[in-house]
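Trainee: requesting a structural model of the entry that follows:
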Amino acid sequence: MEQVTEKILKIDEFLQDRILVDKIDNNISKIEKKFIMSILTEVAFFKKMLNENESSSTLQLIDSNLEYDSYSFRNNDTKYILKITEDDEDGVLKKEFDNLTEIDELNISPKALHFETLDFGRKIDVLITSFEHGLCFKDLSRSDLLFNIRTLANTLSYLHESTVVNQLPETQEFKEEFFALTNYKENLPEDRYQGLENSQEFLSHLPVLDALKQSVNENLATLPKNQICLNHTNLFSSRIMYRDKMIKFINFQYGKKIDCLWDVAFTIYYLGLNNNPKNEKAFLEQYLKSHDKLDMTEVEFLEKVSIYKNAAFKLILIKLLCSYFYEAIIFGTDRPSKFVEIVTVYESIRDDLAKAKDAYLIQSGAIKTVDEIFNVYFK
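Mentor: Purely as a prediction, here's the structure:
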């Protein structure tokens, strides 16, 4: 009888000779531009110095997501970033302002220039930061990222050792931000939620989410304690800027005061370093070497990183699954690049999911269910 072997189709192979075009219009309508300019004219930072013609003519949408909209514009020949949220109970932009203010002197991030809450009949949070001139590694080649992996490790360790605090970690709050994503019914309009409930694919992943949350809760109870500091927690290649042999991090709205090894573990997965042991080893060796306040041997360090990775990949998988269904029910197939990003990160954690001996994950059939949802692994 012929043996059947599993064929794993990687996302870069799947994309060969395919062109994916997002259908979302990034142009700013006249009504939207008028609204944004009305905000800028009210912001105290620009009082009496706003060049409305220049700001309006250079206004560009950079990113629009479920939490905030981000724009760039020029005023008096200086380029800025503007971020806006409406009725945001979580205060993500205030958190980013506070985090950027704390690391202002490190020169590894944009400058937090101004935060303000305006009343437009609804609460509008406004964050103004400097514009970072440079390229993010998402727009550079993979080889560029790997060539600069030691510089990246140096920058991350510098962030951590410069923000060490003597306080209880915000680990529970950090965890709950992931767990909150699973509350589809609370997070979506009723009609969108009902649309998901009619999907067998959606229903199939709910036991996996429950299993992941149970497993994470057990992991958190046994994590080794090391050093509490400001973690970025979301270092995708699109959030790492490069210019003149220097690296800076952007988008600190998810920053948390937690153990430094969370950032190390998440960065390994988000940048796909674990897919090549040589790259991961270079990153970890340089991080430990350049971190002046971590007192442990390389063997101890690697062992602790492995423990944190075991918890991190589960939190990442929660986020990936939820992001997949939110994207599908809100945007449909209009943003194929978002699905590519989700599957790319899944590839970086899949081996660890497949090898997991966690009873919760095995009983839930996690690997089979998730493979079928993302539809990348074929027999």
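
Trainee: ok but K95 is inside a helix, no?
Mentor: Yes: counting by DSSP: H, G, I helix; E, B strand; the rest coil, K95 falls inside a helix.

Trainee: SS state for L127?
Mentor: Strictly by three-state DSSP, L127 counts as strand.

Trainee: quick one: it and L118, what's the gap?
Mentor: L127 sits 12 Å away from L118, taking C-beta to C-beta, to the nearest Å as the criterion. For every residue, glycine as well, the C-beta is placed using N, CA and C.

Trainee: and those two? which has more neighbours close in?
Mentor: When L127 and L118 are compared for neighbours, L127 comes out ahead with 24 against 15, by other C-beta atoms under 10 Å.

Trainee: so where do the strands sit in the stretch 251-379 of the chain?
Mentor: Listed in chain order, the strands found in the stretch 251-379 of the chain under DSSP state E, counting those that start in this stretch are 256-259, 377-378.

Trainee: out of these, name the one with the poorest average pLDDT.
Mentor: Set side by side, the strands of the stretch 251-379 of the chain differ in mean pLDDT, and strand 377-378 is lowest with a mean of 38.

Trainee: pull out the buried positions in stretch 307-322.
Mentor: Using 16 or more other C-beta atoms under 10 Å as the test for burial, stretch 307-322 gives 308-322.

Trainee: can you check stretch 200-207 too?
Mentor: Buried-residue list, stretch 200-207, by 16+ other C-beta under 10 Å: F202, H205.

Trainee: next: stretch 214-229.
Mentor: Those would be Q214, S215, V216, N219, L223, N226, Q227, I228, C229, for stretch 214-229 by 16+ other C-beta under 10 Å.

Trainee: and this structure, what are its domains?
Mentor: Domains of the chain are assigned by automatic domain parsing as 30-130, 135-378.

Trainee: from the ones you listed, which stretch is densest packed?
Mentor: domain 135-378 (a mean of 17; mean count of other C-beta atoms under 10 Å).

Trainee: taking the centroid of the chain, which residue is nearest it?
Mentor: Centroid-nearest residue in the chain, with C-alpha atoms, centre = their mean: N234, separated by 3.5 Å.

Trainee: so how far is T58 from it?
Mentor: 28 Å.

Trainee: any chance of the buried residues of stretch 214-229 in a markdown table, with secondary structure, distance to Y242 and pLDDT too?
Mentor: Below are the buried residues of stretch 214-229 laid out as a markdown table (DSSP: H, G, I helix; E, B strand; the rest coil; distance: C-beta to C-beta, whole Å; pLDDT from 0 to 100):
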| residue | secondary structure | distance to Y242 | pLDDT |
| --- | --- | --- | --- |
| Q214 | helix | 40 | 98 |
| S215 | helix | 36 | 98 |
| V216 | helix | 33 | 98 |
| N219 | helix | 33 | 97 |
| L223 | coil | 32 | 96 |
| N226 | coil | 28 | 91 |
| Q227 | coil | 27 | 93 |
| I228 | strand | 28 | 97 |
| C229 | strand | 23 | 98 |
